[in-house]
Each structure stands twice: as C-alpha cells, then as structure tokens.
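S.K.: just a sequence and a predicted model for now, questions to come.
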Amino acid sequence: DAGVTQSPTHLIKTRGQHVTLRCSPISGHKSVSWYQQVLGQGPQFIFQYYEKEERGRGNFPDRFSARQFPNYSSELNVNALLLGDSALYLCASSFWENNSPLHFGNGTRLTVT
Amino acid sequence: GEDVEQSLFLSVREGDSSVINCTYTDSSSTYLYWYKQEPGAGLQLLTYIFSNMDMKQDQRLTVLLNKKDKHLSLRIADTQTGDSAIYFCAESIGSSASKIIFGSGTRLSIRP
C-alpha cells in the first residue's frame, strides 16, 4: 500500500511569494496533519484536519492556511514567504481524528531565498 | 507548557544495545512515540506506547515508560549500521494522537 505522498519533493521560492504544498494520505485515513521541521530541530505542529474541518492549529501566523478535500487529500498554503519559512514540511495521516498513530510522508523541502 | 527533552548524540558499537532516553512534561499525554529519521527522509513511526502501559516490546525494540518520572526510553538490541539515524521522542497533547510535541532528536551513530 502507498504511504503518505507529498508533492513537490523540493521547492525554491523567493521572499514575498506564496507556495502550495500537497499531501495524499494513506488510503482510508481521514485525518491529515501538517508539521514544519526546521533544520536541526524536531517537527512542529501546524494544522490538523479531519473530515474537511480544522481540528487544531499550532502557533503559526495567519500566513499559513490549509484545507482538506472530500477525498481527504490536503493542501498547505503559505503566503508572503519569509526566509525563516525555509524548512521541511511534513504531512501525516491517521485513520481517526484521535486514538490512532500518525504516519508521516517524506516531506517537501522548501527553500526561501 | 509541553516540552520534550532528549540528549543530542549517542554513539554505540555495532552489536551492542542502544538506549535513548527522553523526558516529557505533559502528564495528560495519552500516547508517547518514537520516530526514526534517516538523512533526507521523512519520519518513520518505530513504535508508540499508551500511557497506561509500562513496557512494549517489538522485535529488537523495547520501550519503557516511567509515568511517575515522565521518562521514556527506547532500547535497540544488537544495534546495526542501518540503525544510524536521528530518533525523535514525541508526546501527544492530551488525548489527541494527531497533535504531538517532538523532542530535538538524538543522533545515533554506530562505530565498528
């Protein structure tokens, strides 16, 4: 079975631009979460979506937004990119909103110049 | 607030056991996780333990949980070169399995 898939794998943007990252969860998984991993640190929670509704949001500015589609795939959008947004963006899926472990994709490496 | 701490580096000889330790702060955490990250890759779920358990064993992996001291450990038996990676300890925020707080990771290196 395919795991969590993310696209693109790498992306280079300039300051002020916006970016859209995409994620397809494991088949049958209804919950998608997004995490940001800055080099040398552990991932930080950005969003969780379940059944197309936002179920949680981490300590990130409003420039970050996301949505989940009827097929449970998800997009993460970041506007007005800053150099500090350079990171590995990880998507994770789980079967339920709670009570089921997270499975991560390989991430999208975003570089902002 | 929630916080997870772990040592940054661990070096072990091939064939020995590796023990990676972690402390966490949220006493209401329901799930505690160990993830493995190899260079350039995403996170691989190694194992997780419910807060009402003391120990979980899965082949070469043994997880020990001391809830009183908020201490979690991962033991890897017969460590191999393929075990070289960064290992992240993580705790769930309360009962939500999807919102988790990660430590900074422990880099495990294997020497011959």
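M.R.: Great, that's in hand.
S.K.: excluding its backbone neighbours, what's nearest the residue in chain B that chain A sits nearest to?
M.R.: Scanning chain B for proximity to chain A using C-beta to the nearest C-beta identifies B:Phe102 as nearest, at 3.1 Å. Any C-beta I mention is one placed from the backbone N, CA and C, and that applies to glycine too. Nearest in space to B:Phe102, with sequence neighbours left out and distances taken as C-beta to C-beta, 6 or more residues apart in numbering or on different chains, is A:Gly42 at 3.1 Å.
S.K.: quick one: the one you found from A:Asp85, how far?
M.R.: Distance, A:Gly42 to A:Asp85, using C-beta to C-beta, to the nearest Å: 17 Å.
S.K.: pLDDT weak spots in chain B?
M.R.: B:1-2, B:94-98 (pLDDT under 70).
S.K.: got the residues of it near chain A?
M.R.: B:4, B:31, B:33, B:35, B:41-45, B:48, B:88, B:90, B:93, B:95-105 (C-beta under 8 Å from any C-beta of the partner chain).
S.K.: of those, buried ones?
M.R.: B:4, B:31, B:33, B:35, B:42-44, B:48, B:88, B:90, B:93, B:96-105 (16 or more other C-beta atoms under 10 Å in any protein chain shown).
S.K.: quick one: which of these sit in helices?
M.R.: Residues of these located in helices (DSSP state H): none.
S.K.: so what touches stretch A:10-26?
M.R.: Here stretch A:10-26 makes contact (C-beta atoms under 8 Å, 6 or more residues apart in numbering or on different chains) with A:1-8, A:31-32, A:34, A:72-83, A:89, A:91, A:93, A:103, A:105, A:108-113.
S.K.: can you pull the buried residues of that stretch?
M.R.: A:Lys13, A:Val19, A:Leu21, A:Cys23, A:Ser24, A:Pro25, A:Ile26.
S.K.: now swap in stretch A:94-105 and tell me
M.R.: Buried residues in stretch A:94-105 (16+ other C-beta under 10 Å): A:Ser94, A:Glu97, A:Asn98, A:Ser100, A:Pro101, A:Leu102, A:His103, A:Phe104, A:Gly105.
S.K.: keeping just the C-alphas, turn that stretch into CSV.
M.R.: The C-alpha atoms that make up stretch A:94-105 are tabulated as CSV, following Å, rounded to 0.1, in the frame of the first residue of the first chain:
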residue,chain,number,x,y,z
SER,A,94,-4.1,8.8,10.7
PHE,A,95,-7.3,6.8,10.4
TRP,A,96,-9.2,8.7,13.1
GLU,A,97,-9.1,12.2,14.5
ASN,A,98,-7.8,10.7,17.7
ASN,A,99,-6.8,7.3,19.0
SER,A,100,-4.7,6.3,16.0
PRO,A,101,-1.0,6.9,15.4
LEU,A,102,0.4,9.3,12.9
HIS,A,103,2.2,8.2,9.7
PHE,A,104,4.4,10.7,8.0
GLY,A,105,5.3,11.3,4.4
